[in-house]
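Engineer: below is the structure, and that's it, no one-letter string:
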């Protein structure tokens, strides 16, 4: 019988909800499905796929389309099977043996997960009670900890806050000896991206995804963007043929239709803002909740009754995310009708006094 590594004893697998719910507001997915015209275009592309041939290992057409969409040269892009593959790839490519990874808590749990799988030391820096940390505080902590890699989402999942563009540039400039990975998975819902300057740094990678604003979580498509030196190093360790032909074809169709995506993104932002306003009204009327405004497609509600609210909504076939450890709920905006049902059921729960 083999002896399992000690690191596995304390690890808990990522546990997304797999149950069926009438309204699913837990995974930060878009409430929009693929438009029929794009679905047909993807179907046409798939029809002409040579299934007996391996995918383009360099994803040349896809990188060209992504470069056009993101305003960077295609040679500054590495494609990944979702941002998750890229997080693992970056961690294992750039961190030396015995290296240290710095994360900010709370943040996307997979940053810590991939570092721990690779048995790197993880240094955790805590945000304040409103899920914020200043750029100066982060710089000071990083200079003291001296990590090989600093990873964080901007704006943040799950707290919803973010650093401004100027603050990110200041952080990256001040930490010139640290690889800084800025995950912009939710930046399509804000306007503080550093995409236009990130390739000028030799210590910065920006992550982008088609899973959120683009509404393509099903195809698992992510991008790492940085200067050609960093991209070249990632291509040394990237698995060959890591992006299958069907995903490449679908992603190209989506990236060719940015006007549709931008219009839908604007509606997602409007729905989220309306959701926050309605949640604030419920908080003022019934208590037990404090709404923290976000720069994302989800609302954040601090509450001393997180688990009670979470479980009560589950009973009504509505699923959200419960971060009981940090005392808040994360609620992805749904369509107008989904949000209306959520708010109606939540009011009934609050009326009942929990």
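Structural biologist: Good, I have the coordinates. Bear in mind the structure is a predicted one, so any value in this text is a computation, not a measurement.
Engineer: got a pLDDT number for the residue lying closest to residue 63 once chain neighbours are set aside?
Structural biologist: The shortest distance from residue 63 to any residue other than its chain neighbours is 4.1 Å, reached at residue 74 (CB to CB, 6 or more residues apart in numbering). Placement of C-beta: from N, CA and C, glycine included. What the model reports for residue 74 is a pLDDT of 98.
Engineer: give me phi/psi at residue 74?
Structural biologist: Main-chain torsions, residue 74, degrees, to the nearest 10: phi -60, psi -30.
Engineer: and it, what does it touch?
Structural biologist: With contact taken as CB atoms under 8 Å, 6 or more residues apart in numbering, residue 74 is in contact with 60, 63, 64, 66, 67.
Engineer: so which strand or helix has the last one?
Structural biologist: Residue 67 belongs to helix 60-70 when assigned by DSSP states H and E.
Engineer: next secondary structure element downstream of that helix?
Structural biologist: In the C-terminal direction, the helix or strand that comes right after helix 60-70 (DSSP H and E) is strand 77-80.
Engineer: pull the longest helix from this protein.
Structural biologist: helix 258-286 (DSSP state H).
Engineer: in that one, what's buried?
Structural biologist: Within helix 258-286, the residues scored as buried using 16 or more other CB atoms under 10 Å are 260-261, 264-265, 268-269, 271-272, 274-276, 278-280, 282-283, 286.
Engineer: what's the angle between it and helix 60-70?
Structural biologist: Here helix 258-286 runs at 60 degrees with respect to helix 60-70, directions being taken by axes from the mean of the first three to the mean of the last three CA atoms, to 10 degrees.
Engineer: let's have the chain start at 626 instead
Structural biologist: Happy to do that; since the first residue is 626 now, the last one works out to helix 883-911.
Engineer: and helix 883-911, what does it pack onto?
Structural biologist: Under the contact criterion of 3 or more CB pairs under 8 Å, 6 or more residues apart in numbering; DSSP states H and E, the helices and strands touching helix 883-911 comprise strand 915-917, strand 923-927, helix 961-976.
Engineer: which one of these lies nearest to residue 827?
Structural biologist: strand 923-927 (33.5 Å; CB to CB).
Engineer: average pLDDT across that closest one?
Structural biologist: Computed over strand 923-927, the mean pLDDT rounds to 97.
Engineer: where along this structure do the strands fall?
Structural biologist: Per DSSP state E, the chain has strands spanning 648-649, 702-705, 725-730, 746-751, 774-778, 804-808, 829-834, 847-850, 915-917, 923-927, 943-944, 946-948, 953-957. These are given in chain order.
Engineer: and the fifth one, which strands flank it?
Structural biologist: Taking DSSP bridges as the criterion, strand 774-778 sits next to strand 725-730 (parallel), strand 804-808 (parallel) in its sheet.
Engineer: can you list those strands in TSV and add distance to residue 704 and mean neighbour count?
Structural biologist: Written out in TSV, the entries for the strands paired with strand 774-778 read as follows (distance: least, CB to CB, whole Å; neighbours: other CB atoms under 10 Å):
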stretch	distance to residue 704	mean neighbour count
strand 725-730	23	22
strand 804-808	16	25
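Engineer: any chance of CSV for the ones you listed, columns mean pLDDT and distance to residue 837?
Structural biologist: Supplementary listing: the strands paired with strand 774-778 in CSV, determined by pLDDT from 0 to 100; distance: least, CB to CB, whole Å:
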stretch, mean pLDDT, distance to residue 837
strand 725-730, 97, 20
strand 804-808, 98, 11
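Engineer: would TSV of the ones you listed with distance to residue 929 be doable?
Structural biologist: Output for the strands paired with strand 774-778, formatted as TSV (distance: least, CB to CB, whole Å):
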stretch	distance to residue 929
strand 725-730	20
strand 804-808	30
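Engineer: between the ones you listed, which one is closest to residue 938.
Structural biologist: Nearest to residue 938, of all the strands paired with strand 774-778, is strand 725-730, at 25.4 Å by CB to CB.
Engineer: next, the angle strand 746-751 makes with the closest one.
Structural biologist: Angle between the axes of strand 725-730 and strand 746-751 is 30 degrees (criterion: the same axes, to 10 degrees).
Engineer: buried among the contacts of residue 699? Make that a ChimeraX selection.
Structural biologist: Applying 16+ other CB under 10 Å to those leaves a buried subset, and the ChimeraX line that selects it is:
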select :688,691,692
